[in-house]
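Q: I would like to see how this sequence folds:
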Amino acid sequence: MTPIRDEFDLWLEDQAPLLRRHWDSPELWPRIAGSLEIERARRRPASSRGLGWLAAIAAAALMVLVPSAWWIWRARVQPPALLTEQALGEVRTAEQAYALSIEKLARAAGPRIENPPTALIATYREKLFVLDSAIANLKAEAERNPYNFNIRRELLALYQDKQQTLKEILDDTPASPLAQ
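A: The predicted model follows:
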């Protein structure tokens, strides 16, 4: 496609070479170099101020992180919560009640556990085996350290899980998504 050129364009092309002027300016490049050097010198303090802000942010982060880390470390190092004599007696009574309840459920579910009618019941049998092993380990630990609240709490959670599993075997309606 050819550009459309009018009379003004043609006149401008003729006049442009006449408007061009050449002259020597030996101080032009030294002036540009001097200006650049001045600009670089002005920017140096600004970059060091940026490092000052970075150092201030790092110091603030340390002031927050160090006490937090100390607090977390101290919480993990503290001795476990201990039960009183009275609380230990109450816990042992509750454990015996759970054990009796679990025994009754285990007797009722015994035939289904021994000869599982479905694959789901066979899976429950595996789960009971794992729970019994974990309960035995925690009972042994609780005998060595009877006042440790954390061990007793974990043991209670295992008893509750075993009781729920036995109920699900008897009901044959799984309540947990893991059992499905």
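Q: Which parts of stretch 156-172 count as buried, going by neighbours?
A: Neighbour counts using 16 or more other C-beta atoms under 10 Å place 158, 159, 161, 162, 163, 165, 166, 168, 169 of stretch 156-172 among the buried residues. Bear in mind the C-beta positions are built from the backbone N, C-alpha and C, glycine included.
Q: so when I look at the fifth one, I'm seeing a helix, right?
A: Going back to what we said before, that points to residue 163. Yes: under DSSP: H, G, I helix; E, B strand; the rest coil, residue 163 falls within a helix.
Q: So for this protein, which residue is the most central one in space?
A: residue 72 (15.8 Å; C-alpha atoms, centre = their mean).
Q: give me every residue that touches that residue.
A: Applying C-beta atoms under 8 Å, 6 or more residues apart in numbering to residue 72 gives no contacts.
Q: Give me the mean pLDDT for whatever helix or strand residue 139 lives in.
A: Taking DSSP states H and E as the definition, one finds residue 139 inside helix 119-144. Regarding helix 119-144, the rounded mean pLDDT is 88.
Q: swap in stretch 53-73?
A: 77.
Q: what comes up buried for that stretch?
A: Buried residues in stretch 53-73 (16+ other C-beta under 10 Å): none.
Q: Alpha carbons of it, in CSV - could you do that?
A: Extracted in CSV, the C-alpha atoms of stretch 53-73 (Å, rounded to 0.1, in the frame of the first residue of the first chain):
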residue,chain,number,x,y,z
TRP,A,53,15.1,-0.4,57.3
LEU,A,54,15.9,-4.0,56.6
ALA,A,55,17.9,-4.2,59.8
ALA,A,56,15.1,-2.6,61.8
ILE,A,57,12.6,-5.1,60.4
ALA,A,58,14.9,-8.0,61.2
ALA,A,59,15.4,-6.7,64.7
ALA,A,60,11.6,-6.4,65.2
ALA,A,61,11.1,-10.0,63.9
LEU,A,62,13.7,-11.3,66.3
MET,A,63,12.0,-9.5,69.2
VAL,A,64,8.8,-11.3,68.4
LEU,A,65,10.3,-14.7,67.4
VAL,A,66,12.8,-15.2,70.2
PRO,A,67,10.2,-14.9,73.1
SER,A,68,7.7,-17.0,71.1
ALA,A,69,10.3,-19.8,70.6
TRP,A,70,11.3,-19.6,74.2
TRP,A,71,7.6,-19.9,75.3
ILE,A,72,7.0,-22.9,73.0
TRP,A,73,10.2,-24.6,74.1
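Q: quick one: it to chain centroid distance?
A: Offset of stretch 53-73 from its chain centre (C-alpha atoms, centre = their mean, to the nearest Å): 20 Å.
Q: Check stretch 102-111 too.
A: On C-alpha atoms, centre = their mean, the centre of stretch 102-111 falls 41 Å from the chain's centre.
Q: thinking again about what came up before, by contact count, what packs against the helix holding residue 139?
A: Where contact means 3 or more C-beta pairs under 8 Å, 6 or more residues apart in numbering; DSSP states H and E, helix 119-144 is packed against helix 85-114, helix 149-171.
Q: Thank you kindly, that will do.
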